[in-house]
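**Student:** coords below, sequence missing:
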DNA sequence: CGCACGATTTGCT
DNA sequence: GCAAATCGTGCGA
């Protein structure tokens, strides 16, 4: 299964739909069925990718072996989880955006909050990381070895696709239709058009 | 060394 | 519907 991830993220992404990702911790086990992902190439001109401007300390994991976990911290409070693609030396990743909890719902609810509706437990990238209990320090972990396991769906469901949500700026969201999701699944996050990039102190109004 | 901003979520209006 | 929360990263000086 490993070589599967040595391919471009946009090819691997739809195959992850329906797959079950499990994480075991001292607290217990939580497993989720992946329902929504986004691919980031990091090569060529993909302005949305963290690897777009080359290798940095933060994104170095993306340049490592495929099938590993790339985590990043954003907005001063959120952790997001990605699957690294392409062989060592080349960077690409798949952002896990949403999933349906299929095991350990009680533990997921403890982490996310009592009043959280079942469908919202892992609906959104940061929520997904919280539900599974993925800490920032898990970056670089092998997703095919404990405490993780990843089981692909032998009959991958039909994937719908659209522009990516979080990518803003020219050539950003519209450039690649690399958001893949299970159409009609209630755990898929509502599509939000990317916020227009703010023009700092802008003498120049955006057109 | 300083500053602007983000692969988001949440809560209030 | 809109803005705040909150801080590491990356770029410019």
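**Tutor:** Arrived safely, thanks for sending. What you see is a predicted model; the values in this text were computed from it and never measured.
**Student:** near DNA strand B, which residues of chain A?
**Tutor:** Taking C-beta under 7 Å from any atom of the strand as the contact definition, chain A meets DNA strand B at A:38, A:40, A:42, A:48-51, A:62, A:70, A:74-78, A:80, A:82, A:93, A:95, A:112, A:120, A:124-128, A:164-169, A:189, A:192, A:195, A:197-200. C-beta: built from backbone N, CA, C; applies to glycine.
**Student:** of the residues you listed, which belong to helices?
**Tutor:** Among those, DSSP state H puts A:112, A:125, A:126, A:127, A:128 in helices.
**Student:** for residue A:5, give its distance to residue A:57.
**Tutor:** 23 Å (C-beta to C-beta, to the nearest Å).
**Student:** interface residues of chain A facing DNA strand C?
**Tutor:** A:50, A:53, A:56, A:57, A:58, A:59, A:73, A:75, A:76, A:77.
**Student:** what residues are bridge-paired with the residue nearest to residue A:143 when sequence neighbours are not counted?
**Tutor:** Closest residue to residue A:143 apart from its sequence neighbours, by C-beta to C-beta, 6 or more residues apart in numbering: residue A:150 at 5.0 Å. Counting by DSSP bridges, residue A:150 forms beta bridges with residue A:21.
**Student:** got the phi and psi for the closest residue to DNA strand C within chain A?
**Tutor:** Nearest residue of chain A to DNA strand C: residue A:76, at 2.9 Å (C-beta to the nearest atom of the strand). Here is the backbone geometry of residue A:76 (degrees, to the nearest 10): phi 70, psi 10.
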